[in-house]
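Visitor: task: produce atomic coordinates for the following.
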Amino acid sequence: MYSTRKKLYWQLDLRYNITLDNDICRVLPSSLTSFISSSTSIGPDGEIELKESFSFKINFVPTKSGTYRMFQKFAEKVGSGAIGCEMLKNFAMMGIGCEKNGTVFLTDMDSIEKSNLNRQFLFRSSDISQMKSKVAAEAVRKMNPNINIDAYIDPVGPETEHLYSDDFFEQLNGVANALDNVKARQYIDRRCLYYQKPLIDSGTMGTKASVQVVVPFLTEPYSATHDPADASIPMCTLRNFPNLIEHTIEWARDNFEGLFTIPAQQVEEFIRDSNQFAKRISQCNTSADKNEMIENVKQILASERPKTFFDCIVWARNIFQKQFYNNIAQLLYNFPLDHVTKTGERFWSGNKRCPHPIEFDVSDKTHLDFIVAASNLIAYIYGIPQVLDHSKIASEVVKVKVPNFEPKTGVKIHENDEEIRAEMEEQSRQSVTTSNNGEEEIKEILAQLPKADKIRDIQIHPHEFEKDNDTNFHIDYIVATANLRAENYDIETADRSKIKRIAGHIIPAIATTTAMVTGLVCLEVYKLFQGQKNIESYRNSFANLALSFFSFSEPVPPTRKKVKINLMYKFE
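Guide: Next comes the predicted model:
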């Protein structure tokens, strides 16, 4: 990789460049790094020159003894997304898994979608709907026919420990993560900790990237530290006092789960095993939670169960009336425009925007979009044929009569999160003192639910939120709901792409960030395969390309604990 008199140019200042160069040179064997130190000179402009006598090239092709030991190693790579594709390409170019007893194990349970193609370069349009791991493995074999790679389509988790068993992990010499969630990373970390296997974890978030290397007995595990929790939106703000479009989008996302996912899942559980479901209800912490689960089942199986698509339109129209007119009118009934607080300040001031109810107007596109999405979503749950014709739905929804709003007295609306927490604590205390024991309470719960013989033939299909499918009405519903609630509170509405990005927690994947972070991973792979035993040799990496920020830190050693024993103890 170095040629005679080749100059290495760094575009940053001299002091930083030397530090960065020294960190990267740690990847080389110690005898080689000392040779480089004695065979280089630094010019006045920060240029690093290699003397005429030095010419070296890392031999990536399997040769006789003396070649890097990495070619005789096993490795597992979990995930074949953006980082996974880049990492597989690097492994193939480095020659990992190319010898007779070397293998790269790859696993990914996902299939290829159109949205993957812009950043996961091992995939093509013709690969859509095929399994990522299988396609990625075949693409890598074309790059390097000598690579031995086994592709799996099963997730790595507690439910597949019969597949990724002791024998499987014992043969590995290292694991490289390419995962997109913390829970899966923590599980892999626990497995590597148990089997004493090295682990390299990496991740990106836009222009930001990080790499953590975990070496048994040398560094702390991945799960030893936790990132601070993301700042959450106060509950009272979401429920009653939004002031940003992000608040209405988050509310719409929760509203989707509360209408189309959670209740249907609870009904599925009830139909599958009513006694077990009643037992789970009896274990709820508060009476409010118990009543909510019971009402969800009763509404879906009885009171709100539609028989035709017109029934679905009626349901959607009533939901519109409840969410965007009645609830807002009730809020204004409790807190009128001229309402003042106990301290004499105006209630509707500062971040509290005074809302206004929305009258349904079939000629308003957002109103009709809501009805179309909601009616089709509820139709899917019950297996009713969907209707996509907007004009047909519009002609039917105007026939629906909704009851006039009548304000309710005694309705408690919380002004802040402290009131919400206090009420939840009080409900928990009451639940402990008033709950029945065992079989008696389960019988009482079952008496409130539909009888098994009346629901035996009913099939319920819960929605699992999927942002990348534009035909399932998921994003359609959230866009319409978020913008209607924004209209309630005179908040500026947002376009579909922005709402989809926020609701789906989409962070753009940048190819340069991915390429950089996998390069840093591979530097640590070299060190692991050389068997370097000094913690000073390894580097955790942090970078932000938007700021030209790069930081390399020595890993933290594992925490040591004293164990008090006497002569009667023994280790097995």
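Visitor: residue ranges for the strands of this structure, please.
Guide: Under the criterion DSSP state E, strands of the chain are mapped to 7-8, 40-42, 48-50, 74-78, 103-107, 149-152, 175-177, 199-205, 208-214, 540-544, 549-553.
Visitor: return the most buried member of those.
Guide: Ranked by average neighbour count under the criterion mean count of other Cβ atoms under 10 Å, those are headed by strand 175-177 at a mean of 26. Quick note: C-beta positions are derived from backbone N, CA and C, even for glycine.
Visitor: starting from it, tell me which strands it pairs with and how they run.
Guide: strand 74-78 (parallel), strand 199-205 (parallel) (DSSP bridges).
Visitor: do you know how far residue 484 is from residue 382?
Guide: 24 Å (Cβ to Cβ, to the nearest Å).
Visitor: more neighbours: those two, which one.
Guide: Relative neighbour count places residue 484 above the other of residue 484 and residue 382, with 21 against 18, counting by other Cβ atoms under 10 Å.
Visitor: report the contact partners of that one.
Guide: 320, 323-324, 358, 366-367, 370 (Cβ atoms under 8 Å, 6 or more residues apart in numbering).
Visitor: and the two most separated of those residues?
Guide: 323 and 366 (13.0 Å; Cβ to Cβ).
Visitor: of these two, who's got more company?
Guide: The neighbour count for residue 323 versus residue 366, taken as other Cβ under 10 Å, is higher for residue 323 (21 against 17).
Visitor: which ones are touching that one?
Guide: Here residue 323 is in contact with 255, 481, 484-485 (criterion: Cβ under 8 Å, 6+ apart).
Visitor: identify each buried residue in stretch 400-416, please.
Guide: 400, 405, 414 (16 or more other Cβ atoms under 10 Å).
Visitor: looking at those residues, which is nearest residue 250?
Guide: Nearest member of the buried residues of stretch 400-416 to residue 250, counting by Cβ to Cβ, is residue 414, at 17.3 Å.
Visitor: gap between that closest one and residue 481?
Guide: From residue 414 to residue 481 the distance is 22 Å (Cβ to Cβ).
Visitor: show me what contacts the closest residue to residue 475 other than its chain neighbours?
Guide: Closest residue to residue 475 apart from its sequence neighbours, by Cβ to Cβ, 6 or more residues apart in numbering: residue 500 at 5.2 Å. Neighbour list for residue 500: 467, 475, 478-479, 506 [criterion: Cβ under 8 Å, 6+ apart].
Visitor: write a PyMOL command that selects only the buried members of the residues you listed.
Guide: To isolate the buried ones among the contacts of residue 500 in PyMOL, judged by 16+ other Cβ under 10 Å, type:
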select buried, resi 467+475+478+479
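Visitor: now what about stretch 487-495, what contacts it?
Guide: Stretch 487-495 has contacts (Cβ under 8 Å, 6+ apart) with 242-245, 247-249, 324, 328, 353, 355-358, 366, 482-483, 485-486, 502.
Visitor: please indicate which of these are buried?
Guide: 242, 244-245, 247-249, 324, 328, 353, 355, 357-358, 366, 482-483, 485-486, 502.
Visitor: show me the residues you listed that map onto helices.
Guide: Mapping the buried ones among the contacts of stretch 487-495 onto helices (DSSP state H) picks out 245, 247-249, 328, 366, 482-483, 485-486, 502.
Visitor: these: which two are farthest apart?
Guide: Longest span within these, Cβ to Cβ: 328 and 502, 22.6 Å.
Visitor: could the contacts of residue 484 go into a markdown table alongside distance to residue 516?
Guide: A markdown table is the format used below for those (distance: Cβ to Cβ, whole Å):
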| residue | distance to residue 516 |
| --- | --- |
| 320 | 48 |
| 323 | 45 |
| 324 | 47 |
| 358 | 48 |
| 366 | 42 |
| 367 | 47 |
| 370 | 43 |
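Visitor: quick one: which of these is nearest residue 535?
Guide: Nearest to residue 535 among these, with distances taken as Cβ to Cβ, is residue 323, at 56.7 Å.
Visitor: how near is that closest one to residue 92?
Guide: Using Cβ to Cβ, we find residue 323 at a distance of 53 Å from residue 92.
Visitor: report the contact partners of residue 553.
Guide: Contacts of residue 553 by Cβ under 8 Å, 6+ apart are 539-540, 542.
Visitor: for it, give the beta-bridge partners.
Guide: Residues in beta-bridge contact with residue 553 (DSSP bridges): residue 540.
Visitor: pLDDT at it, what is it?
Guide: Note on residue 553: pLDDT of 91.
Visitor: any idea how far residue 176 is from the closest residue to residue 255 other than its chain neighbours?
Guide: Among residues not flanking residue 255 along the chain, residue 481 sits closest, at 5.9 Å (Cβ to Cβ, 6+ apart). Distance, residue 481 to residue 176, by Cβ to Cβ: 41 Å.
Visitor: can you name the residues that contact residue 139?
Guide: 88, 122-123.
Visitor: can you pick the most crowded of those residues?
Guide: residue 88 (27 neighbours).
Visitor: tell me, how many neighbours does the closest residue to residue 244 other than its chain neighbours end up with?
Guide: Among residues not flanking residue 244 along the chain, residue 491 sits closest, at 6.7 Å (Cβ to Cβ, 6+ apart). Residue 491 sits with 20 neighbouring residues when counted by other Cβ under 10 Å.
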